[in-house]
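[1] fold the following for me, if possible:
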Amino acid sequence: MKKILISAAALCFSALSFGQHYTFETVTDLEATPVISQGITGTCWSFSTSSFLESEIIRTTGKQIDISEMYNVRNTYPEKARNYIMRQGKAQFSQGGLSHDVINSIARYGMVPQRVYTGLENGQEKHNHIEMVSVLEGMLKVYVENPAKTLSPKWKQAIESVLDVYLGKNVSEFTYEGKQYTPESFLKMTGIRPEDYVSVTSFTHRPFYSDFVLDIPDNFSNGSYYNLPLDEFVAVIDHALENGYTLALDCDVSEPTFSQKNGVAVIPADENDVKTMLSTIKEEKRISQEYRQQEFENYHTTDDHLMHIVGKVKDQEGHVYYKVKNSWGTDKNRVGDSEGYINMSVPYIRLKAISVMLHKDGLSKATRKSLKL
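    Next comes the predicted model:
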């Protein structure tokens with residue numbers, strides 16, 4: 001999933017003088033690390049899932065560890081390149097990815113703290129991958145065209161060299177808080193076990209209570225998802241939060257009623273309320289399983305962006321929203337107090353959430369039994 005942050009101005013609407021302005025009260029607020037920016041990159045999948053894993057480390061150890069998002073990105077690009085080349089260009093190669101790509105990365109390559117691997121080279125202060133990705137894409141197209149008629153294995157070294165130049169060379173050993181680690185031993189120290197994490201979704205084109213490969217463009221690694229009825233999918237989120245587990249979220253944020261500026265994401269019952277609902281409470285649409293499926297299959301719901309669900313709030317009329325941490329940094333012109341967070345309504349989640357990832361212990365006993373976990 002990818003979402004490149006360039007400007008939030010397009011989502012800014014003026015507050016109108018009628019209706020109730022949003023006032024939020026905390027219901028559940030689980031601990032998370034500070035909001036940071038993914039810069040001009042499509043690496044929300046690593047930022048959101050890394051934030052999720054940071055909360056998992058807090059939950060299990062009490063330690064706040066800022067882990068490197070770009071270490072995961074650095075080790076995922078060669079996997080994307082191999083997939084693209086071996087499928088002879090008939091595959092996705094982009095900046096996008098999904099939560100399980102981070103899990104795959106840490107399972108294979110371990111984990112490192114942010115200060116050990118920043119992914120910022122030559123005095124950079126913010127991430128910008130536009131040039132790097134253009135270079136990689138150009139190289140991969142040449143390899144697929146195979147002008148020499150025999151593909152040399154040197155393409156692997158060439159891809160690694162480009163990543164070294166733009167992101168920095170990989171890490172094998174480092175010191176953290178006075179102790180020596182490898183990426184593998186650092187992962188073990190955090191207590192994170194990649195096999196403990198599951199992805200859950202809700203679609204009718206595959207049987208419920210089974211797992212399947214979700215057919216979305218950024219699923220280049222063919223990750224599997226457990227399929228649940230929509231009501232149970234939402235119940236999974238509620239149960240996890242109530243029991244101290246945060247969740248990584250894959251979601252469509254292309255709706256005009258998703259606003260970083262206003263800090264809300266809603267689904268109006270009346271399309272005439274699109275602008276006013278960003279600042280005032282209005283009735284929301286009831287989202288059925290059938291309508292969710294329809295909007296997915298007609299491309300109105302796509303996997304635009306990954307974020308991190310850390311809690312719940314309610315407005316003054318008692319409507320519930322999920323507190324979602326974003327990776328677009330903070331905005332001093334933001335309406336409201338929670339800079340970098342979005343309060344996402346239940347209807348928005350029911351319609352626009354592609355999937356969530358969580359620790360399997362965050363599932364209810366009934367759901368674990370249904371999924372044979």
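[2] any chance you could map the strands in the chain?
    For the chain, the strands identified by DSSP state E occupy 25-29, 174-176, 179-181, 197-201, 211-213, 224-227, 247-251, 258-259, 264-265, 305-314, 320-325, 341-345, 353-359, in order along the chain.
[3] which strand residues bridge the residue nearest the centre of the chain?
    Residue closest to the mean C-alpha point of the chain, counted by C-alpha atoms, centre = their mean, is residue 306 at 2.4 Å. Here residue 306 sits in beta bridges with residue 250, as judged by DSSP bridges.
[4] hang on, it packs against residue 252?
    No: with contacts defined as C-beta atoms under 8 Å, residue 306 does not count as touching residue 252, sitting 11.1 Å away. To be clear about C-beta, it is placed using only N, CA and C from the backbone, and glycine gets the same treatment.
[5] tell me where the model's unsure across this structure.
    Per-residue confidence for the chain (pLDDT under 70) gives these ranges: 1-19, 331-338.
[6] nearest to residue 82, of the strands of the chain?
    Among these, strand 211-213 comes nearest to residue 82, with 18.0 Å by C-beta to C-beta.
[7] quick one: buried residues of the closest one?
    Within strand 211-213, the residues that qualify as buried are residue 211, counting by 16 or more other C-beta atoms under 10 Å.
[8] redo the strands of the chain as TSV? Include distance to residue 280.
    Supplementary listing: the strands of the chain in TSV, determined by distance: least, C-beta to C-beta, whole Å:
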stretch	distance to residue 280
strand 25-29	17
strand 174-176	48
strand 179-181	51
strand 197-201	32
strand 211-213	40
strand 224-227	36
strand 247-251	23
strand 258-259	13
strand 264-265	10
strand 305-314	16
strand 320-325	15
strand 341-345	13
strand 353-359	24
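[9] tell me the most buried of those strands?
    Sort these by mean neighbour count, taking mean count of other C-beta atoms under 10 Å, and strand 247-251 sits at the top with a mean of 28.
[10] ok, back up a step: which ones are touching the residue nearest to the centre of the chain?
    Contacts of residue 306 were listed using C-beta atoms under 8 Å, 6 or more residues apart in numbering, and they are 1, 3, 44-45, 47-49, 98-99, 248-251.
[11] change it to 10 Å
    Contacts here follow C-beta atoms under 10 Å, 6 or more residues apart in numbering; on that basis residue 306 touches 1-3, 38, 43-49, 51-52, 96-99, 102, 218, 248-251, 253, 326-327, 354-355, 357.
[12] list only buried entries from the residues you listed.
    With neighbours counted by 16+ other C-beta under 10 Å, the contacts of residue 306 contain buried members at 1-3, 38, 43-49, 51-52, 96-99, 102, 218, 248-251, 253, 326-327, 354-355, 357.
[13] among those, which ones are in helices?
    Applying DSSP state H to the buried ones among the contacts of residue 306, the entries found in helices are 44, 45, 46, 47, 48, 49, 51, 52, 99, 102.
[14] can you put these in a markdown table and add distance to residue 313?
    Listed next are these as a markdown table, based on distance: C-beta to C-beta, whole Å:
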| residue | distance to residue 313 |
| --- | --- |
| 44 | 22 |
| 45 | 25 |
| 46 | 26 |
| 47 | 22 |
| 48 | 19 |
| 49 | 23 |
| 51 | 18 |
| 52 | 19 |
| 99 | 23 |
| 102 | 27 |
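[15] what's the closest of these to residue 196?
    Ranked by distance to residue 196 (C-beta to C-beta), those are led by residue 52 at 12.4 Å.
[16] how about the contacts made by the closest one?
    For residue 52, the residues meeting the contact criterion (C-beta under 10 Å, 6+ apart) are 32, 99, 102, 197, 245-249, 306-310, 325, 356-359.
[17] again with residue 228
    Residue 228 makes contacts with 200-203, 208-210, 234-236, 363, 367, 370-371, as judged by C-beta under 10 Å, 6+ apart.
[18] now do 6 Å
    Counting by C-beta atoms under 6 Å, 6 or more residues apart in numbering, residue 228 touches 200, 202.
[19] what about it, distance to residue 236?
    Going from residue 228 to residue 236 by C-beta to C-beta, to the nearest Å gives 7 Å.
[20] need the CA coordinates for stretch 118-135. PDB is fine.
    Taking Å, rounded to 0.1, in the frame of the first residue of the first chain, the C-alpha atoms of stretch 118-135 are listed here in PDB:
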ATOM      1  CA  THR A 118      18.200   6.100   9.000                       C
ATOM      2  CA  GLY A 119      18.100   5.600   5.300                       C
ATOM      3  CA  LEU A 120      19.200   9.200   4.900                       C
ATOM      4  CA  GLU A 121      22.300   9.800   2.900                       C
ATOM      5  CA  ASN A 122      24.400  12.800   1.900                       C
ATOM      6  CA  GLY A 123      23.000  15.200   4.500                       C
ATOM      7  CA  GLN A 124      19.300  14.500   3.700                       C
ATOM      8  CA  GLU A 125      16.900  15.600   6.400                       C
ATOM      9  CA  LYS A 126      13.700  14.000   5.000                       C
ATOM     10  CA  HIS A 127      13.000  10.900   2.900                       C
ATOM     11  CA  ASN A 128      12.500  11.300  -0.800                       C
ATOM     12  CA  HIS A 129      12.600   8.200  -2.900                       C
ATOM     13  CA  ILE A 130      11.400   9.500  -6.300                       C
ATOM     14  CA  GLU A 131      14.800   9.500  -8.000                       C
ATOM     15  CA  MET A 132      15.900   6.100  -6.500                       C
ATOM     16  CA  VAL A 133      12.700   4.400  -7.600                       C
ATOM     17  CA  SER A 134      13.000   5.800 -11.100                       C
ATOM     18  CA  VAL A 135      16.500   4.500 -11.400                       C
END
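[21] pull out the buried positions in that stretch.
    In terms of neighbour count (16+ other C-beta under 10 Å), stretch 118-135 has its buried residues at 119, 120, 127, 129, 132, 133.
[22] much appreciated, bye for now.
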